[in-house]
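*Asks:* generate a structure from the sequence data that follows.
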Amino acid sequence: MQQAHDFRNEGQLIAGTLHLPNGVGPHPAVVLCHGFTGQRLESHFLFVKTSRALEQAGIASLRFDFRGSGESEGKFRDMTVETEVSDALGAVDEACSLAEVDEARVGILGLSLGGCVAACVTGFEKRVKSTVLWSAVASLPETIGRRLDDERRRLLAKQGFVDVGGHALGKAFVDRMEALDPLALIGKSSNPVLIVHGTADESVPLAHAERYEANARHGRRQVEKFILEGADHTYARLDHERLVIDRAVAWFKETL
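*Replies:* Now for the predicted structure:
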């Protein structure tokens, strides 16, 4: 069953979609965190397909738009990695509050910047029991920061935002890019972590997956890295998306 499920964080509405499996709950659940300039459907409806596959496997999910993205309240220019982590923590709270969800079996999945957010949440939130990172950003200065040439940085200082593909990226985001360390935070948790990355990812280098693996293995019980040959940043091919979705569903069935 799929239904609209909005909630609030820091006084602002967050638009969400809840997927519940058939049968009597409570069910395990997964919170899905979209990428930079994305929304809860994600590219080629990747998150919709993922939620429906989880639902068929008996796992609930809550996918949502970060504040300033999609249909949620707020302005994109006010977004920082810290506000997105706050929203994701709020989504975990919301999922755990549902009668249909077993709060002892909640996981998180993040794509790209959402993977960075998911890594941070894994370190902060003990109720998150399993994590999947898709094409996850390990360093914001190396990914989003590299898009800011001298002219864009001059505009950023002058007007407080800069145009990035039709999105007003705010100065606060750039100033706070290193406020959180996802690699250190993923290393704080002993939860299982699945790291997925494509060899043809032109947005986030494959080296980021290797850095996540190195930090995640420190003291952790179960870590796997799945490198998909020829896959791009969002696995935008039918066979590639099927592989990463199936791998994620199997991971959560095993670890939640």
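*Asks:* low-scoring pLDDT stretches of the protein, where are they?
*Replies:* 219-220 (pLDDT under 70).
*Asks:* in it, which residue is closest to the centre?
*Replies:* The centre of the chain sits closest to G110, judged by C-alpha atoms, centre = their mean, with a distance of 2.2 Å.
*Asks:* could you pull out the helices for the stretch 1-150 of the chain?
*Replies:* In the stretch 1-150 of the chain, the helices defined using DSSP state H, counting those that start in this stretch lie at 46-56, 81-97, 113-124, 140-143, 150-159.
*Asks:* possible to save those helices as JSON lines with distance to L194 and mean neighbour count?
*Replies:* C-betas here are computed from N, CA, C, even on glycine. Formatted as JSON lines, the helices of the stretch 1-150 of the chain follow (distance: least, C-beta to C-beta, whole Å; neighbours: other C-beta atoms under 10 Å):
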{"stretch": "helix 46-56", "distance to L194": "13", "mean neighbour count": "20"}
{"stretch": "helix 81-97", "distance to L194": "17", "mean neighbour count": "21"}
{"stretch": "helix 113-124", "distance to L194": "11", "mean neighbour count": "27"}
{"stretch": "helix 140-143", "distance to L194": "21", "mean neighbour count": "16"}
{"stretch": "helix 150-159", "distance to L194": "35", "mean neighbour count": "12"}
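*Asks:* which of the ones you listed sits closest to D239?
*Replies:* Counting by C-beta to C-beta, D239 lies closest to helix 46-56 out of these; the figure is 13.1 Å.
*Asks:* coming back round to it: of the helices of the stretch 1-150 of the chain, which is nearest S190?
*Replies:* Shortest distance between S190 and those, using C-beta to C-beta, is found for helix 113-124: 10.2 Å.
*Asks:* thought the residue nearest to the centre of the chain was touching A138?
*Replies:* No: taking C-beta atoms under 8 Å as the definition, G110 is not a contact partner of A138, at 12.0 Å.
*Asks:* shared neighbours of the two, anything?
*Replies:* Among the neighbours of G110, those also in contact with A138 (C-beta atoms under 8 Å, 6 or more residues apart in numbering) are C116.
*Asks:* and S203, which of the helices of the stretch 1-150 of the chain is closest to it?
*Replies:* Checking these against S203 by C-beta to C-beta gives helix 140-143 as the closest, at 6.8 Å.
*Asks:* extract the C-alpha trace of the closest one and format it as CSV.
*Replies:* Listed next in CSV are the C-alpha coordinates belonging to helix 140-143 (Å, rounded to 0.1, in the frame of the first residue of the first chain):
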residue,chain,number,x,y,z
LEU,A,140,31.4,17.8,-0.3
PRO,A,141,34.3,20.0,-1.3
GLU,A,142,35.5,17.4,-3.8
THR,A,143,32.1,17.0,-5.4
